[in-house]
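Chemist: Pasting the sequence and the predicted model now:
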Amino acid sequence: AAKKAGRNRYAWFDRSMERAIQARNEIETGLRNAIPQGQIVPYFEQQIDLATGALAGFEVLARWEHPLRGLIEPDQFIPIAEETGLIADLSMSVMRQAFIAARDWDPDLVLAVNISPWQLKDAWLAQKIIKLLLETGFPARRLEIEITESALFDNLALAQSIAVSLKNQGIRLALDDFGTGYSSLAHLRALPFDRIKIDKCFVGSIAEKLESAAIVGAIARLGDSLNMPTTAEGVEDADTLERLRVMGCARAQGYHFGRPVSAANVRRLLAERRLIAQGPQRLAG
Ligand code: C2E
Ligand code: MG
Ligand code: MG
Ligand code: MG
């Protein structure tokens, strides 16, 4: 009986592995069609200026509007897109849609776009982004590119040359998820960053943990003295927000200000605040 149970256990293990592989394959083949079909769309998360309380802009976050499964979050498909090399097409498609959506919003609003480490291996990345700006008519000065620390290990020389090309066009660079992974203060000097994004794992606990508060405060001061203003991510309540303001963080984002929303919902939000040129489109007739 024991032997039988053991065999069954292996059979179960095989089946669950099989299911996992099948689910992964489904996402992979689905993704290949989803990108050209426009199912991968940009969502927008508000970024707030803490000195004035004004809307500074949005972080662009990919979402998969799956016809059967509904909205799928990036942690379900970005890693697979990276493994299969689909990430380049995916990110470019999301960026293009975001530029087109945002070009007639208030001209002071910035878009912060994520670049995956894998994309920094493409020697033509800067040229591709600049071409996309020209094609869509979105101004370079309104674009900020977010790069994670892990992106800097593989080929620093190439990352540096890409960064210089982007900066020469007036595009800004932000160091994303600072403080997590293989953090090193050396990374702050590796590329000409304009901004540091403090990871939500510290921000979320500054009200409860003295250590988190000390770390966030230190990063905010460090950013100030390096002339790299900080953005705190993952702000979920007013108390955290007030603490960040006192610590001297320049910007904040997080569910406290609202979840990431579609371009159509951004238009509604901006129309309410009169931050859009022509307001919501009126129906003809
Ligand atoms: P990230 O760039 O660090 O983005 C911040 C993530 O934190 C987003 O998750 C956002 O929805 C989430 N977040 C924001 N505010 C809060 C909060 O108050 N509480 C909590 N718990 N979470 C919050 P999301 O959208 O699932 O994105 C995950 C990651 O996927 C991003 O991390 C980014 O690295 C990657 N990603 C998203 N879109 C793209 C894309 O178009 N291209 C590339 N290459 N990567 C992308
Ligand atoms: Mg998520
Ligand atoms: Mg980011
Ligand atoms: Mg981040």
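Modeler: Nice, thanks for sending it over. Ligands and ions are numbered 1, 2, ... in the order given.

Chemist: quick one, what contacts Glu233?
Modeler: By CB atoms under 8 Å, 6 or more residues apart in numbering, Glu233 lies in contact with 197-200, 203, 252-254. All C-beta atoms are positioned from the backbone trio N, CA, C, and that covers glycine.

Chemist: Let me fix that, I meant to ask about Ala264.
Modeler: Contacts of Ala264 (CB under 8 Å, 6+ apart): none.

Chemist: send the alpha carbons of the host helix or strand of it over as CSV?
Modeler: Element membership of Ala264 [criterion: DSSP states H and E] is helix 263-272. What follows is helix 263-272 as a C-alpha-only set of coordinates in CSV (Å, rounded to 0.1, in the frame of the first residue of the first chain):
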residue,chain,number,x,y,z
ALA,A,263,-5.5,55.6,-20.5
ALA,A,264,-9.2,56.2,-20.7
ASN,A,265,-9.5,56.5,-17.0
VAL,A,266,-6.5,58.9,-16.9
ARG,A,267,-8.3,61.1,-19.4
ARG,A,268,-11.3,61.2,-17.0
LEU,A,269,-9.1,62.0,-14.0
LEU,A,270,-7.3,64.8,-15.9
ALA,A,271,-10.5,66.3,-17.3
GLU,A,272,-11.8,66.5,-13.7
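
Chemist: got any ranges where the stretch 1-150 of the chain has weak pLDDT?
Modeler: Where the stretch 1-150 of the chain drops to pLDDT under 70, the residues are 1-10.

Chemist: can you list the residues of it near ligand 1?
Modeler: Within the stretch 1-150 of the chain, the positions near ligand 1 by CB under 6 Å from any ligand atom are 45, 61-62, 73-75, 78, 87, 91, 94, 114-116, 146.

Chemist: Take these and keep only those in helices.
Modeler: Judged by DSSP state H, helices contain the following of these: 78, 87, 91, 94.

Chemist: Near Leu175, how many other residues are there?
Modeler: Neighbour count of Leu175, defined by other CB atoms under 10 Å: 25.

Chemist: Looks to me like it is in a helix.
Modeler: No: Leu175 is assigned strand when assessed by DSSP: H, G, I helix; E, B strand; the rest coil, not a helix.

Chemist: Gly57 - that's part of a helix, no?
Modeler: No: counting by three-state DSSP, Gly57 is not part of a helix but strand.

Chemist: Could you number the chain from 53 rather than 1 from now on?
Modeler: OK, 53 is where the count begins now, so the last one is Gly109.

Chemist: Distance of the residue lying closest to it once chain neighbours are set aside relative to Phe190?
Modeler: Of all residues not flanking Gly109 in the chain, Val162 sits nearest, at 3.2 Å (CB to CB, 6 or more residues apart in numbering). Taking CB to CB, to the nearest Å as the criterion, Val162 is separated from Phe190 by 11 Å.

Chemist: So which of the ones in helices among the residues of the stretch 53-202 of the chain next to ligand 1 is surrounded by the most neighbours?
Modeler: The most neighbours, when these are compared by other CB under 10 Å, belong to Ser143, which has 25 neighbours.

Chemist: I figured that one was touching Leu172, is that so?
Modeler: No: assessed by CB atoms under 8 Å, Ser143 is found out of contact with Leu172, at 11.3 Å.

Chemist: for the stretch 153-302 of the chain, what spans make up the strands?
Modeler: Counting by DSSP state E, counting those that start in this stretch, one finds strands in the stretch 153-302 of the chain at the ranges 162-167, 195-200, 224-230, 247-250, 282-284.
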